[in-house]
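> Take a look and give me a structure for this.
(one chain, ligands or ions: 2)
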Amino acid sequence: MSKKLYIETLGCAMNTRDTEHIIAELRTKESYELCSDAKQADLIMINTCSVREKPVNKLFSEIGVFNKLKKEGAKIGICGCTASHLGDEIFKRAPSVSFVLGARNVSKVVKAVNTEKFLDVDIDYDESTYAFSEFRGSSYKAFVNISIGCDKKCTYCIVPHTRGDEISIPPELIIQEARKAAKNGAKEIFLLGQNVNNYGRRFSSKRDEKMDFSDLLNMISEIEEVERIRFTSPHPLHMDDKFLETFANNPKVCKSMHMPLQSGSTHILEEMKRGYTKEWFLNRALKLRELVPEVSISTDIIVAFPGESDEDFEDSMDVLEKVRFEQIFAFKYSARPLTKAAEFTNQVDNAVASERLKRLQTRQNDILDEISSSNSKNILEVYFEELRNNGMVAGRSDNNALVQVEGNEELLGTIRKVLITNPRRLALYGEIVK
Ligand code: 5AD
Ligand code: SF4
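Ligands and ions are numbered 1, 2, ... in the order given. Prediction:
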């Protein structure tokens, strides 16, 4: 008889893929089926994120809620980055939790469900981290891990402590996975890693070949059934000319680039240990716009990092004006345990942080309105992936704009030309022309 699994996923695309791995393992080896109602579940899991403080604080109240509603005998398991970072403390604060599995240890999920108070948050390299059973949340797009962990030492970031050192997955495994997904109908391959364009820096075992991320992109694009390749996240520091040119010239590589700025101030970038300057970032972004005029560029920005002066903040605003990002994810700095910046004594006042965040987002909204209205009457190639319940079908243009048209499931999995008739800030509405 099958058992039921309810799993909640927070955080980034890496977590989304880890959740797919967990589902696959539990499905094939323990005959669990996914369910969407926690009350019915035999196992409730939370795949956590620890990048900011708020969701971490919410974890324990959430466990309390699940405790009340879960059925008799159902287990609760915590995995992901907060599991890595809090480890044993989770059992102490929430004795009802049956197992704690770190972000680098999800391959042990079968053992975890069968062992009382199982704890594994080791961040050492483990070959089994990328050998999994098969499950994909979407049949149109396949997430494929190309590396795990992160070698950078950004002073605000907890991730190196939760996901460990950076290891590149051997190219033949990546190609094999991409090929299999494409044969099963995924026209889009979405490559995942903390620093994708640092690919090839270190493999798990000694290997002779020298290969980098550009080589990998070209290899994947040779798979006939693959029509689109996306990736996240690249690091601005490693955006050399070879990478930008491969991005520009390979027609299967989608023309949207995430360039996490974090701060526009060279001084703050130094304090963050990002390894680049404001000028380098602008140079790369503007070169990208020159090479690929239709490119869309998204970014992450942290406001009120310790010591950020008004002048430093103006530098971030200045980059916003110069690059005109198609999308930004902006956050107030949040001090994280185990990080260097948490020890900095010049933390910025919360009221100042809120005001800066608001200014940044207000200006960005205006920029976005201008960008989206310039899409009016454009024809975009859209890959349809999702049926909405308002009679609309949604997909992404090559440069990652969210496009919606009236239609039905026949559009799903197809790439069509769409005339944009009603461009809005959050989505472009249009009509199929071909
Ligand atoms: N405070 C605020 N934002 C953070 N990020 C990472 N660490 C922190 C932190 N301590 C943001 C960065 C990163 C994104 C995933 O989360 O902008 O790119
Ligand atoms: Fe969150 Fe970062 Fe972990 Fe992703 S890698 S789940 S963003 S802490």
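
> Could you give the backbone dihedrals for Ser96?
phi -70, psi -10 (degrees, to the nearest 10).

> before we move on, which element is the nearest residue to it once chain neighbours are set aside in?
Among residues not flanking Ser96 along the chain, Asn67 sits closest, at 5.1 Å (C-beta to C-beta, 6 or more residues apart in numbering). From N, CA and C alone the C-beta is placed, and that goes for glycine too. Using DSSP states H and E, Asn67 maps to helix 53-69.

> isn't there a helix covering Ala351?
Yes: counting by DSSP: H, G, I helix; E, B strand; the rest coil, Ala351 is found in a helix.

> What is the neighbour count of it?
Neighbours of Ala351 under the rule other C-beta atoms under 10 Å: 8.

> for the one 4 residues further on, same thing?
By the measure other C-beta under 10 Å, the count of residues near Glu355 is 14.

> Distance-wise, check it relative to Asp310.
10 Å (C-beta to C-beta, to the nearest Å).

> Near Pro171, how many other residues are there?
Pro171, neighbours per other C-beta under 10 Å, totals 19.

> And what about Val226, helix, strand or coil?
With three-state DSSP as the criterion, Val226 reads coil.

> residues touching it, list them.
For Val226, the contact set (C-beta atoms under 8 Å, 6 or more residues apart in numbering) comprises Ala178, Ala182, Lys187, Glu188, Ile189, Ile220, Lys252.

> any idea how far Ile220 is from it?
Val226 is 6 Å from Ile220, by C-beta to C-beta.

> Mutual contacts of these two, please.
With C-beta under 8 Å, 6+ apart, Val226 and Ile220 have common neighbours Ala178, Ile189, Lys252.

> Out of these, which comes closest to ligand 1?
Of all the shared contacts of Val226 and Ile220, ligand 1 sits closest to Ile189, with 21.7 Å by C-beta to the nearest ligand atom.

> what's the closest non-adjacent residue to the closest residue to ligand 1 within the chain?
Residue nearest to ligand 1 within the chain: Asp300 (3.3 Å; C-beta to the nearest ligand atom). Nearest non-adjacent residue to Asp300, counting by C-beta to C-beta, 6+ apart: Pro260, 4.2 Å away.

> pLDDT score for the one you found?
pLDDT, Pro260: 98.

> and if you look at Glu53?
91.

> So the residue lying closest to it once chain neighbours are set aside: helix, strand or coil?
Excluding the flanking residues, the one nearest Glu53 by C-beta to C-beta, 6+ apart is Ser334, at 4.7 Å. Using three-state DSSP, the structure places Ser334 in coil.

> count of residues packed around Ser334?
Neighbours of Ser334 (other C-beta under 10 Å): 19.

> residues in contact with Ile301?
Neighbours of Ile301 in contact, by C-beta under 8 Å, 6+ apart: Leu261, Gln262, Ser263, Gly264, Ser316, Leu320, Ile328, Phe329, Ala330, Phe331, Leu360.

> how near is it to Glu224?
39 Å.

> again, but for Gln327
31 Å.

> who's more crowded, the two?
Gln327 (16 against 9).

> quick one: contacts for that one?
Ser296, Ser298, Thr299, Leu368, Asn400.

> Can you check the pLDDT for it?
Predicted confidence (pLDDT) for Gln327: 96.

> Likewise for Glu20?
92.

> my guess is the residue nearest to Ser96 meets Pro95, correct?
No: between Asn67 and Pro95 there is no contact under C-beta atoms under 8 Å: 9.9 Å.

> Compare neighbour counts for the two and give me the winner.
Asn67 (15 against 9).

> Flag every residue of the chain that's near ligand 1.
Val51, Arg52, Tyr156, Cys157, Pro260, Gln262, Asp300, Ile302, Phe331, Tyr333, Ser334, Arg336 (C-beta under 6 Å from any ligand atom).

> how many neighbours does Phe203 have?
17.

> Kindly report the same for Asn365.
12.

> Equivalent analysis for the one 4 residues further on, please.
Counted with other C-beta under 10 Å, the burial measure for Asp369 works out to 13 neighbours.

> Same question for the one 3 residues further on.
The local packing count at Ser372 equals 19, with neighbours defined by other C-beta under 10 Å.

> check contacts around the residue nearest to Asp300.
Pro260 touches Ser233, His235, Pro236, Thr299, Asp300, counting by C-beta under 8 Å, 6+ apart.

> Apply 10 Å and report the result again.
154, 232-236, 274, 281, 298-302, 329 (C-beta atoms under 10 Å, 6 or more residues apart in numbering).
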